[in-house]
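*Asks:* fold the following and give me the result.
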Amino acid sequence: MDPSPAELLNPIFNALDAMIQNYGVHLYPVFVWLSYRQLVDARAKARERE
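*Replies:* Modelled structure (predicted):
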């Protein structure tokens, strides 16, 4: 009998949940910084095209 997709993804979601629970305070500023860098780079590339 094949397991359902939810059962196959459950360990991944548990690992992500544990990572967020243990390191969320540190991960949040990193992701904010990365998204800001992405926006700045995209804006610089748009200005180069003009």
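*Asks:* what's the helix or strand for the most centrally placed residue in the chain?
*Replies:* Against the mean C-alpha coordinate of the chain, by Cα atoms, centre = their mean, the closest residue is residue 31 at 7.0 Å. Using DSSP states H and E, residue 31 sits in helix 5-49.
*Asks:* residue 2 now?
*Replies:* Using DSSP H and E, no helix or strand contains residue 2.
*Asks:* could you check how far it is from residue 8?
*Replies:* Per Cβ to Cβ, to the nearest Å, residue 2 is found 9 Å from residue 8. Where C-beta positions appear, they are placed from N, C-alpha and C, glycine not excepted.
*Asks:* the two: who's more crowded?
*Replies:* Neighbour count, other Cβ atoms under 10 Å: between residue 2 and residue 8, residue 8 has more, with 10 against 6.
*Asks:* and the more buried one, what's its pLDDT?
*Replies:* According to the prediction, residue 8 has pLDDT 92.
*Asks:* ditto for residue 1
*Replies:* 68.
*Asks:* with residue 16 instead?
*Replies:* Looking at residue 16, the pLDDT reads 96.
*Asks:* burial count for it?
*Replies:* With other Cβ under 10 Å as criterion, residue 16 counts 10.
*Asks:* low-confidence stretches in this structure?
*Replies:* Low-confidence segments of the chain, defined by pLDDT under 70: 1.
*Asks:* try it again with 90
*Replies:* Across the chain, the ranges flagged by pLDDT under 90 are 1-6, 49-50.
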